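1. Everything below, folded, please.
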Amino acid sequence: MTLLEALVLGVVQGLTEFLPISSTAHVRLVPALFGWGDPGAAASAIIQLGTMASVVIFFRRDFLKLTKAFFRGIANGKPFDEFESRMAWYIGVGTIPVGVLGFLFRNSIVTSARSLYLIAASLILLALILALAERISTFRRGTSSIAFMDCVIVGLAQALALVPGSSRSGTTITAGLFLGLTREAAARFSFLLSIPAVIASGFFEMYQVRHSLSTVVAVNLTVATVFSAVTGYAAIAFLLRYLRTHTTYVFVWYRILLGGVIFLLLLLGILSPVT
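-> Next up is the predicted model:
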């Protein structure tokens, strides 16, 4: 990965991580279109640390409230009395499925599952499911109504994001809409739920490749991570503001269009399904 590639991929990662359009699809597609090598799932996971920094900074007040309430609840022997304390526990429970499945299927995730055929199919399939959720959701529930089973369901949906092209925010926001959350509440909970899983994934992948990181590669990954943090912050602000007054159909149509374009380029031989 050159410095230019790192800069571009960092921007792409940041802009697409929090929109329900699949950052993995874009980070996989952009290098393919420019004739660059696939940065790989490990590099993508490390770059995601930048976007996680952006979500922690953006939701820093919520993050501090949850953290303080969690430890206060333990200290008082009443870990579920406060809503913020319960939410902290819920986020932990919701992280278990993606952690377990991510570990069990790691080899597939970083190799065969990055096929552009699978990514294109995932883009289109989740678009249709998101459209269904948009159509039948009641949009009556806020974040204060989130309960244990909601977290289990959204946590299981987050695990589906291990399939490249599905989108972490896409699967979790879709699950939230099916549960009747407002669009903004579904997005906010999606972002908070993603923090433990992506931070753990990023540091784990960094540890795994630590011996193969040259100074140049480390510098380039740092550049990509910083740019993903800056653009990720902007993407969060945009999406929350957008979903207050708009539907998610623009993302549905974008996913279908992108998936169709990828299939067409594959059929024409312009893109190779694997690197």
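2. In the biggest helix by length in the chain, which residues are buried?
-> Scanning the chain for the longest helix, with DSSP state H as the assignment, gives helix 215-243. In terms of neighbour count (16 or more other C-beta atoms under 10 Å), helix 215-243 has its buried residues at 220-221, 223-233, 235-236, 239-240, 242-243. Using the backbone N, CA and C atoms, a C-beta is placed for each residue, glycine as well.
3. after it, next one along is what?
-> helix 249-267 (DSSP states H and E).
4. which secondary structure elements does that next one contact?
-> With contacts taken as 3 or more C-beta pairs under 8 Å, 6 or more residues apart in numbering; DSSP states H and E, helix 249-267 sits against helix 23-34, helix 116-136.
5. Would you mind putting these into JSON lines with mean neighbour count, distance to Gly14 and mean pLDDT alongside?
-> Listed next are these as JSON lines, based on neighbours: other C-beta atoms under 10 Å; distance: least, C-beta to C-beta, whole Å; pLDDT from 0 to 100:
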{"stretch": "helix 23-34", "mean neighbour count": "21", "distance to Gly14": "8", "mean pLDDT": "87"}
{"stretch": "helix 116-136", "mean neighbour count": "19", "distance to Gly14": "19", "mean pLDDT": "96"}
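6. could you dump the ones you listed to JSON lines with distance to Val261?
-> Listed next are the helices and strands packed on helix 249-267 as JSON lines, based on distance: least, C-beta to C-beta, whole Å:
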{"stretch": "helix 23-34", "distance to Val261": "9"}
{"stretch": "helix 116-136", "distance to Val261": "8"}
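7. which regions of the stretch 1-150 of the chain sit below the pLDDT cut-off?
-> Scanning the stretch 1-150 of the chain for pLDDT under 70 picks out 38, 40-42, 108-113.
8. per-residue confidence for the residue nearest to Leu29 when sequence neighbours are not counted?
-> Using C-beta to C-beta, 6 or more residues apart in numbering and skipping the chain neighbours, the partner closest in space to Leu29 is Ile262 (6.7 Å). Ile262 carries a pLDDT value of 95.
9. tell me the contacts of Ile262?
-> Ala25, Leu29, Leu116, Ile119, Ala120, Leu123, Leu271 (C-beta atoms under 8 Å, 6 or more residues apart in numbering).
10. and the two most separated of these?
-> Leu123 and Leu271 (14.0 Å; C-beta to C-beta).
11. Report the contact partners of Arg61.
-> By C-beta under 8 Å, 6+ apart, the contact list for Arg61 is empty.
12. What strand or helix carries it?
-> Assigned by DSSP H and E, Arg61 falls in helix 60-76.
13. Check which element follows that helix along the chain.
-> Sequence-wise, the next helix or strand downstream of helix 60-76 (DSSP H and E) is helix 83-104.
14. Ile256 is nearest to which of the helices and strands packed on helix 249-267?
-> helix 116-136 (4.8 Å).
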